[in-house]
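Student: have a look at this prediction, sequence included:
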Amino acid sequence: MKMSDYWTTMASLVGMLAFCQTILQLVFPPELRLAFLHFLTRLRHVFSSHIYFDITEIDGVNTNELYNAVQLYLSSSVTVNGAVSSSNNNTRLSLTRVPNSSSVTFGLSNNDRITDVFNGVTVLWEHVVVQRQVQSFSWRPMPEEKRGFTLQINKRDKALVLDSYLDYIVGKSEEIRRRNEERLLYTNSRGVSLDARSHPWDSVRFKHPSTFDTLAMDPEKKKRIMEDLREFANGQGFYQKTGRAWKRGYLLYGPPGTGKSSLIAAMANYLGYDIYDLELTEVQNNSELRKLLMKTSSKSIIVIEDIDCSISLTKRGKNKKKNGSYEYDPGLTNGSGLEEPGSSVTLSGLLNFTDGLWSCCGSEKIFVFTTNHIEKLDSALMRSGRMDMHVHMGFCKFPALKLLLKNYLRLEEEDMDGVVLKEMEECVEEAEITPADVSEVLIRNRSDAEKAVRELVSVLKERVVKRRKSVGLKKKKEEGEEGEEEAEEEQEKRALDSPNRNREVFGFQDEEDEEEDEKEK
Ligand SMILES: Nc1ncnc2c1ncn2[C@@H]1O[C@H](COP(=O)(O)OP(=O)(O)OP(=O)(O)O)[C@@H](O)[C@H]1O
Ligand SMILES: [Mg+2]
């Protein structure tokens, strides 16, 4: 038989089987029909030159990330990839826009098909939507519809698809999400079941406008951080070669309102990473902490803000328990001072979270801790290798001030009066003002740039005067204390040198003195 005849016979066989399926659906009772249908579908697949893969939206009770990836990928290939869209002119698309999202997502309508070409191989995608059978009882309610994609490929292309096409789709969908600036902000909350199948993080779309362009800080420091982040993101090979986990730790410290949280948002926007904002007070113990970590995705920033507020995570000695562990009380004592059993996150638990074997579940993760009081932190948290970069976010200096003026008032250096600029330059550092306070003044007067600048200068000057006063008072106090100390010392010295010292000091006369007194009498 010729090859073409073979394929014709096969095609007619497959067609016949499909026809039988339809007849069966009409004639037989449901139970029998189902069994026959299964049998015929199998038979059809045996003779078919195609192979099919089902990618369902929900895998058991977990959401299937591959489903979302395929949806995003196909949505972009319909709109971006010209070759595909032109061959799918008749495809019906559904349009969705998620709350807070700026972009519209195109998706395949129910039971519609689309072709895609990968490395010269054509594949067919079908979006299958069927009604779910009514559940008598379920721990977790399921959606009414069962959705999934079916991928149809030629049997001979199976290896190519399994080896690289699906990976390509996942990578591409992540890229699309980042390009759409659609990042997610996750947070954990207490009481969420942490069994192996559910997701302990709640997420919202993250659209923070802070970027490195809007961040007012020392330009050199900013450049270094950006370089470090870029090297990290491109450093897969380096981390592999050196045997290090592909992760990096940042400790941001400084007074409130100096831009620590803004820097984290800028980092996420710069790299296109998601943020996991870990609320440590909601975590009951180390094992829960580990489970949370296991459920974080790659390309993410895991943040623990205000770590200094977790008292027992600070100086080790203070809260050392009898068994040698370091305890953290996340407010779990129920007011009676009695701690609920098993409710503690220890410092070593936290260090394992950032540094131990578990920290490299997934890869490409950045850990960021923030604190207002670096001096309170335990040295174990600070040692090199743990927090790779310590970034001090300090009071506003002149370059940062100029950036804020530019961002808030669109005032360039050359637009401004040289004398005013000089005044600002001279007093900004001494004023010890935070970028948050500067922004406050500028926002208040943003409709009138001149007024904003005037007010800013006067605020700076006021602060300088206040600071000088308080420094003067402090100095005086110190001098006063020093003076008193000196006077006391002088007195003591005199007392020591005086021949009557024993009298003064000890309150008795020695024998010699008594004799002299007698003589005088
Ligand atoms: N360096 C900065 N550059 C630009 N804006 C800043 C900067 N620092 C603070 N701001 C402004 O002040 C606000 C508060 O800043 P942010 O929350 O980042 O401070 P923080 O250091 O995290 O404070 P805290 O220690 O209280 O958490 C921000 O919304 C931002 O508008
Ligand atoms: Mg903050």
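Tutor: All right, it came through fine. Since the model is a prediction, treat every value here as computed from it, not as a measurement. Ligands and ions are numbered 1, 2, ... in the order given.

Student: any idea how far ligand 1 is from Glu455?
Tutor: Per CB to the nearest ligand atom, to the nearest Å, Glu455 is found 17 Å from ligand 1. All C-beta spots, glycine's among them, are computed from the backbone N, C-alpha and C.

Student: could you tell me how far that residue is located from Met267?
Tutor: 32 Å (CB to CB, to the nearest Å).

Student: ok, these two, which is more surrounded?
Tutor: Met267 (25 against 15; other CB atoms under 10 Å).

Student: mind checking the end-to-end distance for stretch 240-260?
Tutor: 30 Å (CA to CA, to the nearest Å).

Student: buried residues in that stretch?
Tutor: Residues 246-254, 257-260 are the ones in stretch 240-260 that count as buried (16 or more other CB atoms under 10 Å).

Student: among those, name the ones in strands.
Tutor: 247-253 (DSSP state E).

Student: near ligand 2, which residues of this structure?
Tutor: The chain comes close to ligand 2 at residues 260-261, as judged by CB under 5 Å from the ion.

Student: please pull out the lowest mean pLDDT helix or strand from the chain.
Tutor: helix 501-506 (a mean of 37; mean pLDDT, DSSP states H and E).

Student: picking up where we left off before, ok, of the buried residues of stretch 240-260, which one's closest to ligand 2?
Tutor: Nearest to ligand 2 among the buried residues of stretch 240-260: Lys260, at 4.8 Å, using CB to the ion.

Student: tabulate the buried residues of stretch 240-260 in CSV, adding columns for pLDDT and distance to Gly418.
Tutor: Formatted as CSV, those follow (pLDDT from 0 to 100; distance: CB to CB, whole Å):
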residue, pLDDT, distance to Gly418
Trp246, 88, 49
Lys247, 89, 48
Arg248, 92, 43
Gly249, 92, 44
Tyr250, 95, 38
Leu251, 94, 39
Leu252, 96, 35
Tyr253, 95, 35
Gly254, 95, 31
Gly257, 95, 29
Thr258, 96, 28
Gly259, 96, 28
Lys260, 96, 33
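
Student: want to throw those into TSV with distance to Glu425?
Tutor: Shown next, in TSV, are the buried residues of stretch 240-260 (distance: CB to CB, whole Å):
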residue	distance to Glu425
Trp246	43
Lys247	40
Arg248	35
Gly249	35
Tyr250	30
Leu251	30
Leu252	26
Tyr253	26
Gly254	22
Gly257	21
Thr258	19
Gly259	20
Lys260	25
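
Student: list just the nearest of the ones in strands among the buried residues of stretch 240-260 to Met217.
Tutor: Leu252 (10.7 Å; CB to CB).

Student: how close does Met267 sit to Val368?
Tutor: 7 Å.

Student: outline the domain layout of the protein.
Tutor: What automatic domain parsing lists as the domains of the chain is 49-180, 185-334+341-392, 397-508.

Student: so which of those domains is the most packed in?
Tutor: Across those, averaging neighbours per residue (mean count of other CB atoms under 10 Å) puts domain 185-334+341-392 on top, at a mean of 17.

Student: tell me what whatever helix or strand Lys476 lives in is packed against?
Tutor: Using DSSP states H and E, Lys476 maps to helix 449-497. Helix 449-497 sits against helix 398-409, helix 418-431, helix 435-444, helix 501-506, with contacts defined as 3 or more CB pairs under 8 Å, 6 or more residues apart in numbering; DSSP states H and E.

Student: what does the stretch 251-400 of the chain put close to ligand 1?
Tutor: Within the stretch 251-400 of the chain, the positions near ligand 1 by CB under 6 Å from any ligand atom are 256-262, 372, 393.

Student: most widely separated two among the residues you listed?
Tutor: Using CB to CB, the two most remote members of these are Ser262 and Asn372, lying 14.8 Å apart.

Student: okay, the residue of the stretch 251-400 of the chain at minimum distance from ligand 1 and Phe212: tell me how far apart.
Tutor: Here the stretch 251-400 of the chain gets closest to ligand 1 at one residue, Gly259, 2.7 Å apart by CB to the nearest ligand atom. Using CB to CB, one gets 11 Å for the distance from Gly259 to Phe212.

Student: ok, Leu280 next?
Tutor: 28 Å.

Student: equivalent analysis for Ala452, please.
Tutor: 24 Å.

Student: same check on Asn269?
Tutor: With CB to CB as the criterion, Asn269 and Phe212 are 8 Å apart.

Student: now Glu288
Tutor: 34 Å.

Student: what does Asp306 give?
Tutor: Between Asp306 and Phe212 the computed distance is 23 Å (CB to CB).

Student: for Lys299, what are phi and psi?
Tutor: phi 50, psi 60 (degrees, to the nearest 10).

Student: do I have it right that it meets Glu174?
Tutor: Yes: taking contacts as CB atoms under 8 Å, Lys299 lies within contact range of Glu174: 7.0 Å.

Student: what about the closest residue to ligand 2 within the chain, distance to Phe395?
Tutor: Across the chain, no residue is closer to ligand 2 than Ser261, which sits at 3.3 Å (CB to the ion). Separation of Ser261 from Phe395 (CB to CB): 17 Å.

Student: so where do the strands sit in the stretch 301-450 of the chain?
Tutor: Using DSSP state E, counting those that start in this stretch, the strands of the stretch 301-450 of the chain run over residues 327-328, 345-346, 365-371, 389-392.

Student: average pLDDT across the third one?
Tutor: Regarding strand 365-371, the rounded mean pLDDT is 93.

Student: ditto for the second one
Tutor: Strand 345-346 shows an average pLDDT of 80 in the prediction.

Student: helices or strands up against that strand?
Tutor: Counting contacts by 3+ CB pairs under 8 Å, 6+ apart, strand 345-346 packs against helix 286-294, strand 327-328.

Student: quick revisit: out of the helices and strands packed on helix 449-497, which is closest to Arg113?
Tutor: helix 398-409 (49.2 Å).
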